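Novice: Predicted model and sequence below, questions to follow.
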Amino acid sequence: MAKRNKIWANFDWITFGLYLLLVVLGWINIYAAVFNEEHQSILDTTQRYGKQLLWIGFGIVLSLLILNIDSKFFVSFAYLFYALTIFLLFAVLFLGKEVNGARSWFELGSIRLQPAEFAKFATNLALAKYLGQYNFKLKGFKNYLRIGVILFTPVFLIVLQNDAGSALVYFVFVLVLFREGLPGVWLLLGFSFAAIFILSLLWPPLKLRIFLLVVALTVFALNGKRWNLVIRAIVLPVLSFGLFSLLNFGFKLELIMEKIVLYSILFSSIIFLFYTLINRLSAGTWTVLILLGALMFDSTVDYAFESVLEPHQQVRINELLGISSDPLGAGYNVNQSKIAIGSGGITGKGFLKGTQTKFNFVPEQSTDFIFCTVGEEWGFVGTSFIIFLFIVLLLRLIFLAERQRSVFSRVYGYGVASILFFHVAVNIAMTIGLGPVIGIPLPFFSYGGSSLWSFTILLFIFLRLDVSRMEVLR
């Protein structure tokens, strides 16, 4: 009895209140999104809103069970949870049901469960367990390799299920690693290569390669501040360009300008790389290596885009970047979502009065595009309030994570905040046309038991760890 009283005394009621408010608002908006005049009762379990109430009820039961489990249980069995979800991710490839082109669901009668959703909290536990080792330092090739295996094993299996959206979520764990000591340069590199991927699709190769060279020279100049070397670094590619142009003309090689520029940059970079290695100029060495890596990455973008991504994913990215326009095809969902949100104005059309929603103009309006229902019926005021609630929840989770004495609890808390941040940011960006349609749910809002339960488990494990925040868990 004393232990139970301690749990409720240390329990973070603010986070629980935010969770409950978001879940109830989500349920109400699911009711609005798929409202059926023949089944007007919000408790009707033959409709999605009635089923969602059942998922909510079971989610509350799950949260109570989690809160009554000893915190050390999650530490002790972290790797076991991870291994079990990896097994389920593997098994669903053979035993799962295909839905919307992705084989990622187990069907148990009328219930569908998606292992990829539950793998998030299991991966978070495994990462927290590894980083929470006694006297652990986030450095060294072996540690990076093991962390990579923990994070990318589920990514690989989820990609095999043809569910790229769920796989992308795992890359957000880099924010957790950054908090635990990962050098900021790796975060910068990640964003840089993402930018190169986008620019490779938007710009011709010649323009991008010259841009990369200019950026590399600028970075080296600001870093090194040895102007004699900077001048050499500028002159070398110019001379190389002249040399390859003469060779092209003299030997009638018929090289196009793009090839001449590429060969010139590669040739001058290799020469400068040897010079920096001999003279131990680390800033120059790293600049050249990153430039070479960027050029190699740029050369593989077209292949990856054409061969790795599915045709519908290519079309969605092209639509987002303005490379192509297909308002009645790939762009239909987003266009209808933007119309719905825009038509809501400042205060919205009112509850159950959304015409875009009511007449099913927006596909998946109770799942991936639930936010457009909020925008149409509650307007700018309603969407701002929902975003505000999510921001408060994220800030609260960061506050809770920072007050943990245990590294395990802190890492897990940051993992929870990072996963929720990714889902909220990407889902909302997707519905307003600022991000590609990758099919991930809005936490606590989108219809579905797997989504709601996985986020509930993810959150309440952390709330249980926070109850024992004064303990050092390993």
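Specialist: Nice, thanks for sending it over. Numbers count the residues shown, from 1 in each chain.

Novice: now the helices: where do they sit in the stretch 1-150 of the chain?
Specialist: Assigned by DSSP state H, counting those that start in this stretch, the stretch 1-150 of the chain shows helices spanning 2-10, 13-33, 48-67, 71-76, 78-95, 115-131, 141-160.

Novice: Nearest to V407, out of the ones you listed?
Specialist: helix 115-131 (6.4 Å; CB to CB). All C-beta spots, glycine's among them, are computed from the backbone N, C-alpha and C.

Novice: chain center to the closest one: distance?
Specialist: 15 Å (CA atoms, centre = their mean, to the nearest Å).

Novice: Same question for stretch 286-303.
Specialist: 23 Å.

Novice: Now do it: everything it contacts.
Specialist: The contact list for stretch 286-303 (CB atoms under 8 Å, 6 or more residues apart in numbering) reads 189, 192-193, 196-197, 200-201, 205, 208-209, 212-213, 216, 219-220, 223, 262, 265-266, 269, 272-273, 276.

Novice: What is the burial count for the closest residue in space to G50 that isn't next to it in sequence?
Specialist: Spatially, and ignoring its direct neighbours in sequence, G50 is nearest to D44 (4.4 Å; CB to CB, 6 or more residues apart in numbering). When neighbours are counted by other CB atoms under 10 Å, D44 registers 16.

Novice: quick one: D44 and Q52 touch, right?
Specialist: No - with contact defined as CB atoms under 8 Å, D44 and Q52 do not form a contacting pair (11.1 Å).

Novice: how close does I391 sit to I398?
Specialist: 11 Å (CB to CB, to the nearest Å).

Novice: How about N223?
Specialist: Taking CB to CB, one finds N223 at 32 Å from I398.

Novice: Give me the more crowded residue out of the two.
Specialist: Higher neighbour count among N223 and I398: I398, with 17 against 14, using other CB under 10 Å.

Novice: Can you name every helix or strand that the host helix or strand of the more buried one contacts?
Specialist: Taking DSSP states H and E as the definition, I398 sits inside helix 370-402. The contact analysis (3 or more CB pairs under 8 Å, 6 or more residues apart in numbering; DSSP states H and E) places helix 370-402 against helix 13-33, helix 332-343, helix 355-358, helix 407-431, helix 449-467.

Novice: repeat that for 7 Å
Specialist: For helix 370-402, the packing partners by 3 or more CB pairs under 7 Å, 6 or more residues apart in numbering; DSSP states H and E come out as helix 13-33, helix 332-343, helix 355-358, helix 407-431.

Novice: Just list what the last one packs against, helices and strands only.
Specialist: If contacts are counted by 3+ CB pairs under 7 Å, 6+ apart, helix 407-431 sits against helix 115-131, helix 173-179, helix 370-402, helix 449-467.

Novice: Out of those helices, the one nearest S71 is which?
Specialist: For S71, the closest of the helices and strands packed on helix 407-431 is helix 449-467, at 5.4 Å, according to CB to CB.

Novice: and for that closest one, what are the contacting residues?
Specialist: Here helix 449-467 makes contact (CB atoms under 7 Å, 6 or more residues apart in numbering) with 7, 10-12, 15-16, 19, 55-56, 59, 62-63, 66-67, 69, 71, 74, 111-114, 117-118, 120-121, 124, 400, 409, 412-413, 416, 419, 441, 443-444.

Novice: Could you tell me how many residues sit around A221?
Specialist: Around A221 there are 17 residues (other CB under 10 Å).

Novice: who's in contact with it?
Specialist: So, once contact is read as CB under 7 Å, 6+ apart, A221 ends up touching V230.

Novice: Surely L67 touches W8?
Specialist: No - assessed by CB atoms under 7 Å, L67 is found out of contact with W8, at 8.6 Å.

Novice: Compare these two (neighbour count), which wins?
Specialist: L67 (17 against 10).

Novice: Any chance of JSON lines for the helices of the stretch 1-150 of the chain, columns mean pLDDT and distance to P183?
Specialist: JSON lines is the format used below for the helices of the stretch 1-150 of the chain (pLDDT from 0 to 100; distance: least, CB to CB, whole Å):
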{"stretch": "helix 2-10", "mean pLDDT": "69", "distance to P183": "35"}
{"stretch": "helix 13-33", "mean pLDDT": "92", "distance to P183": "31"}
{"stretch": "helix 48-67", "mean pLDDT": "91", "distance to P183": "35"}
{"stretch": "helix 71-76", "mean pLDDT": "91", "distance to P183": "27"}
{"stretch": "helix 78-95", "mean pLDDT": "91", "distance to P183": "26"}
{"stretch": "helix 115-131", "mean pLDDT": "92", "distance to P183": "15"}
{"stretch": "helix 141-160", "mean pLDDT": "90", "distance to P183": "11"}
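
Novice: Just name the most buried of those helices.
Specialist: helix 115-131 (a mean of 25; mean count of other CB atoms under 10 Å).

Novice: and it, what does it pack onto?
Specialist: helix 78-95, helix 141-160, helix 407-431, helix 449-467.
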